[in-house]
Each structure stands twice: as structure tokens, then as C-alpha cells.
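Novice: Let's see this in three dimensions:
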Amino acid sequence: MAGEKRKRVLLENMPGFLAASLNPWLIKAKNNPERLAFILHRVTGFIIVVYLLAHVIVTSYSTNPTQWEDIMSTFANSLFNKIGEWIVAGAVIYHGLNGIRLLLVEFFGTGIGKPELPKPPYIPPSLKGGQRTGLYIVFALSIIGWMLAGILIFTGRLF
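Specialist: Predicted coordinates:
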């Protein structure tokens with residue numbers, strides 16, 4: 001038995017399950033807003049971290065007035081800067097709203113359905129209740145907030 005090699009068994013009903021379970025980005029599912037929310041939460045978190053690192057680096061130049069003035073004049077009214085601010089604003093808005101939704105779901109059980117006997121097609125009860133509605137509310141509020149942030153950033157006034 002020591003010399004025998006074990007055969008790797010893949011689940012027949014889920015080809016590629018092993019690779020997909022190691023990399024959640026590879027899991028493809030139609031009509032799955034939860035997957036989209038997961039990916040957007042990761043991407044917006046990364047954008048926020050990159051922005052914070054850049055902010056710390058740029059702020060460190062404030063001790064030298066000449067360098068500070070050069071950097072601030074470069075970023076003053078450039079379109080590149082406004083687009084960057086708009087992207088960061090959208091990331092912060094979505095990440096914050098989705099974070100609040102996740103806190104409500106995970107700590108208070110908001111929107112999670114009651115447990116039930118699994119029957120095909122095995123739709124989890126959590127996706128039947130208010131959790132998906134909450135997710136759609138987060139998407140809608142994020143889009144509205146991002147549009148308002150864009151108006152404020154690009155025009156300088158809200159209305």
C-alpha cells in the first residue's frame with residue numbers, strides 16, 4: 001500500500017471544482033450578484049489601500065515646501081487627478097455601504113432566511129430572503145452616490 005499512488009478523484013457533477021475552489025475568481029455563475037459583490041468588495045478594498053499608500057507618500061513631502069508646491073501644482077486641476085478622485089470616491093462609497101450590509105447580515109442576521117431541508121436545485125435560504133434585496137439596495141445607492149460624487153468632483157458644485 002505504501003508504493004501505490006492515490007488516484008485523484010474529481011467530482012463528476014462539478015468539473016474543475018478543485019481549481020475553482022482554490023481560486024474564487026474562477027468560479028463562474030450566471031445571475032449571481034453575490035459573486036459580483038464579493039469581487040467588487042475586494043477590488044474596491046485594493047483601490048482604497050493603494051490610495052492610502054499614495055496619500056501617505058505624497059503627504060510626507062509636506063515637510064519640504066518646494067517639493068510640496070511642485071506636487072500640489074501638478075495635481076491641482078488636472079483631469080487625471082479628477083478621474084482618480086472619482087474612482088476613489090466610488091470605491092469608498094461602495095466599500096462602505098457593502099461593509100455596512102455585511103455587518104448587518106453577519107452580526108445581526110438581517111435578511112437571512114430560516115433553515116430548511118435542502119431540495120434541488122439547492123438554493124440557500126439566505127439568497128431567497130432580504131439579503132439579495134439588501135445587495136440590490138447597496139448597488140443602487142452606490143451608483144447614485146458615485147454619480148453625485150462625479151458631479152461634485154467634475155463641476156465643483158452638487159446642483
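
Novice: Nearest residue to Phe75 in space, please, no chain neighbours.
Specialist: Residue nearest to Phe75 in three dimensions, not counting chain neighbours: Asn81, with 4.6 Å by C-beta to C-beta, 6 or more residues apart in numbering. Bear in mind the C-beta positions are built from the backbone N, C-alpha and C, glycine included.

Novice: Now do the same for the most centrally placed residue in the chain: helix, strand or coil?
Specialist: Centrality entry for the chain: nearest residue to the mean C-alpha point is His41, 1.5 Å, by C-alpha atoms, centre = their mean. For His41, the assignment made with DSSP: H, G, I helix; E, B strand; the rest coil gives helix.

Novice: Next one: it from Phe139, what distance?
Specialist: Going from His41 to Phe139 by C-beta to C-beta, to the nearest Å gives 12 Å.

Novice: And the helix or strand where Leu36 lies, what does it pack against?
Specialist: Element membership for Leu36, per DSSP states H and E: helix 33-59. Contacts defined by 3 or more C-beta pairs under 8 Å, 6 or more residues apart in numbering; DSSP states H and E place helix 33-59 against helix 79-108, helix 130-155.

Novice: Now do the buried residues in the shortest one.
Specialist: Neighbour-count burial for helix 130-155, with 16 or more other C-beta atoms under 10 Å as criterion, is recorded at 131, 134-135, 138-139, 142, 145-146, 149-150, 153.

Novice: Please compute how far it lies from its chain's middle.
Specialist: Distance, stretch centre to chain centre, for helix 130-155: 13 Å (C-alpha atoms, centre = their mean, to the nearest Å).

Novice: avg pLDDT for it?
Specialist: Per-residue pLDDT values over helix 130-155 give a mean of 92.
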